[in-house]
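Visitor: Provided below are the primary sequence and the corresponding predicted coordinates.
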Amino acid sequence: MKEKTIDYVLRATWIAIAKMYNEEAGKEGSTMATGFALLSIDPEEGTPSTSLGPKMGMEATSLSRTLRTMEDKGLIKRKKNPVDGRSVLIYLTDFGKEMRDYSKKVVLTFDQAVRNEIPQEDLDKFIEVASKIMDLIATRKIYNE
């Protein structure tokens, strides 16, 4: 296979991005998964723990481990949902909000660097192609026909 497959390009690119994010997060004693979780939690209203997994595309066991670590580091606190006592809401602590701001800055810096180097027309086409790939997967048009 001399020509790179589409999945190879996507996977290699994501691995490079994840490594870069983990290096940046590591400067603050954090990880990419923690940063992603911080960005997925509503900083004002909190977020139901049950909606975080699907929002982040994480399995429940991985998410539980990440949330436990975040709680141990003082980034989040869990409270019973006042509307539904069976569920838990995740809230950011003040420290969690600071780290969320840091994570947001890291993501926006990457985004701006890419936008500075790649013409908008190319980015629009990239997003269109990625959306079509996600649609092919979501509608099971690849292996179920």
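Guide: Looks like it arrived, so ask away.
Visitor: Quick check, pLDDT for residue 1.
Guide: pLDDT, residue 1: 55.
Visitor: In the chain, which residue is most central in space?
Guide: residue 36 (3.8 Å; CA atoms, centre = their mean).
Visitor: Correct me if wrong, but that one is in a strand.
Guide: No. If the criterion is DSSP: H, G, I helix; E, B strand; the rest coil, then residue 36 is helix and not within a strand.
Visitor: isn't it right up against residue 56?
Guide: Yes. Taking CB atoms under 8 Å as the contact criterion, residue 36 and residue 56 are neighbours in contact, 5.8 Å apart. (Glycine included, C-beta is placed from N, CA and C.)
Visitor: What about residue 133, how many residues nearby?
Guide: Other residues near residue 133 come to 14 when the count uses other CB atoms under 10 Å.
Visitor: Ignore what I typed, I meant residue 25.
Guide: Here the neighbour count serves as a burial measure; for residue 25 (other CB under 10 Å) it reads 21.
Visitor: Surely residue 78 touches residue 88?
Guide: Yes. Counting by CB under 8 Å, residue 78 sits close enough to residue 88 to count as a contact (5.0 Å).
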